[in-house]
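A.B. asks: starting from these lines, generate the structure:
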Amino acid sequence: NILWLLYLFLMFGPILTITILVHEYGHAITTKLLGGQVDGIVLWPLGGFALCGPTDSGPCGDLKVAVAGPLAHIPQMIIWVGVYASVMAGDLTGFLKEDTW
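C.D. replies: Below you'll find the predicted structure:
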C-alpha cells in the first residue's frame, strides 16, 4: 500500500530527524543560556548527542541541561497533535479511545 510506505517514510525519515534535532537543540540552547560551550550536534543511527561543555552554574546547571532535551518534546507534542487534528479534520477521538492504548 502506497499510503503505508509514505507513512513509514515520513515517520522514520524527516519526522524522526526533526524530533531528534529539537531534543538536542534543547540541550544545546540551555547550555548556551547557562554560560556553557556547545561544540556541535552529532546525528548518528542511534539518535544524536549535543557536544556540550560544563555550564557556569555547576551541577544544578548540568541538571537543567539534562532535563531540557526531554522538555523540548512538550511543544513538539502540541505541534504534532495539531497536525494530526488538521489532517483528521479536528477529530481527536483516536487519542481518547481506551482500546488504542
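A.B. asks: quickly find the element holding G40.
C.D. replies: Using DSSP states H and E, the element containing G40 is strand 38-44.
A.B. asks: quick one: T55 and G35 touch, right?
C.D. replies: Yes. In this structure T55 lies within contact range of G35 using Cβ atoms under 8 Å: 5.6 Å. Any C-beta I mention is one placed from the backbone N, CA and C, and that applies to glycine too.
A.B. asks: tell me what I41 is bridged to.
C.D. replies: A50 (DSSP bridges).
A.B. asks: just give me the neighbour total for it.
C.D. replies: Here the count is done by other Cβ atoms under 10 Å, and I41 has 17 residues near it.
A.B. asks: residues in contact with it?
C.D. replies: 21, 24-25, 28, 48-51 (Cβ atoms under 8 Å, 6 or more residues apart in numbering).
A.B. asks: need the overlap of contacts for T55 and G35.
C.D. replies: Common neighbours of T55 and G35 (Cβ under 8 Å, 6+ apart) are G61.
A.B. asks: show me what counts as buried in the strand holding G40.
C.D. replies: 38, 41 (16 or more other Cβ atoms under 10 Å).
A.B. asks: now it: average pLDDT?
C.D. replies: For strand 38-44, mean pLDDT rounds to 94.
A.B. asks: now do that strand: distance to the chain's middle.
C.D. replies: 15 Å (Cα atoms, centre = their mean, to the nearest Å).
A.B. asks: got the CA coordinates for that strand in PDB?
C.D. replies: Once non-C-alpha atoms are left out, strand 38-44 reads as follows in PDB (Å, rounded to 0.1, in the frame of the first residue of the first chain):
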ATOM      1  CA  VAL A  38      28.400  23.900  22.600                       C
ATOM      2  CA  ASP A  39      30.700  22.400  20.000                       C
ATOM      3  CA  GLY A  40      28.000  20.900  17.800                       C
ATOM      4  CA  ILE A  41      25.300  18.300  17.500                       C
ATOM      5  CA  VAL A  42      26.000  14.800  16.100                       C
ATOM      6  CA  LEU A  43      23.400  12.700  14.400                       C
ATOM      7  CA  TRP A  44      24.000   9.000  14.100                       C
END
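A.B. asks: all numbers from here: first residue = 32
C.D. replies: Got it, first residue is 32 now, which makes that one strand 69-75.
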